[in-house]
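1. Dropping a prediction and its sequence here:
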Amino acid sequence: MTKRIVLIEDDSDLFSLLKYNLEKEGFSMTGSQTGLGALDLCRRVRPDLILLDIMLPDSDGLDICKGIRNDSELAQTPIIFLTARASETDRIVGLELGANDYIVKPFFIRELIARIKLQFRTQSVPSRVLKAGGVELDRSSCQVKLHGDPLALTATEFRLLEFLMSRPSVVFSREQLLNAVWGQDRAITDRTVDVYILRLRQKIERDPAAPRLIHSVRGFGYSFEPRAQESIAEPIAS
């Protein structure tokens, strides 16, 4: 499958040069020479990799990177910064914000292409079967088992559980879960997430009132993180 790349770069000459070489290399490239609307563009295209300039005339590439990393659908997309900022501090800030690589201008096109291919080689192939805490979720057959016994889940319950299990220990807000599971075009409220989380807990938790798989994070949302049951303290002999 052809890899999709989004390029956000305001230099028209460099934009054209990269577009020509990336498409010649077999990639599908979409892009913008402005930072405004860059996040919406990425949401529409759902690229396999993003090339992002930092010093844009109308936006800060660092802020765009933050927006990408805070979007549940784009959070795992590799980002390579292309920038004239060459100091060690700039590199550290870029990488700490979530960039996968940091390339300083001017650069060799062949080096950029090599680094892009490296990102694709190191991307892990999504596992067909997710296993954690006694739950086994098969993405191919859309079947879920709990300790070997089949569970009856609705399609929405399955999508919600699959999304959480594929990103263990990551805390997602209700808004992020709504966008990921129900999509952007929806007429439902944050309360819907709470209802479906409760339904899932009733099906996969030993004690829904004391969950050890799907956890609430007060004031924010939910995460999937299997934890051992609290051991019950033995009475101390007098």
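-> Received it, and whenever you're ready, just let me know what you need.
2. number of nearby residues for the nearest residue to Q33 once chain neighbours are set aside?
-> Spatially, and ignoring its direct neighbours in sequence, Q33 is nearest to D10 (5.0 Å; C-beta to C-beta, 6 or more residues apart in numbering). Where you see a C-beta, it was placed from the backbone N, CA and C, and this is true even at glycine. D10 has 17 neighbours, counted by other C-beta atoms under 10 Å.
3. do the same with the one 4 residues further on
-> For L14, the number of neighbouring residues by other C-beta under 10 Å comes to 18.
4. so where does the residue nearest the centre of the chain fall, helix or strand?
-> In the chain, the centroid-proximal residue (C-alpha atoms, centre = their mean) is A75; its distance is 2.8 Å. Under the criterion of DSSP states H and E, A75 resides outside all helices and strands.
5. tell me the contacts of it?
-> Counting by C-beta atoms under 8 Å, 6 or more residues apart in numbering, A75 makes contact with 68-69.
6. repeat for L39
-> 64, 67-68, 71.
7. Quick check: the gap between it and S59.
-> Per C-beta to C-beta, to the nearest Å, L39 is found 10 Å from S59.
8. Equivalent analysis for V193, please.
-> V193 sits 31 Å away from S59, going by C-beta to C-beta.
9. Please apply the same query to T122.
-> Separation of T122 from S59 (C-beta to C-beta): 28 Å.
10. So these two - more neighbours on which side?
-> Higher neighbour count among T122 and S59: S59, with 20 against 9, using other C-beta under 10 Å.
11. Which pLDDT value goes with the closest residue to the more buried one other than its chain neighbours?
-> Spatial nearest neighbour of S59, excluding adjacent residues (C-beta to C-beta, 6+ apart): G35 at 2.5 Å. We note a pLDDT of 92 for G35 in this prediction.
12. do A210 as well
-> Looking at A210, its pLDDT reads 92.
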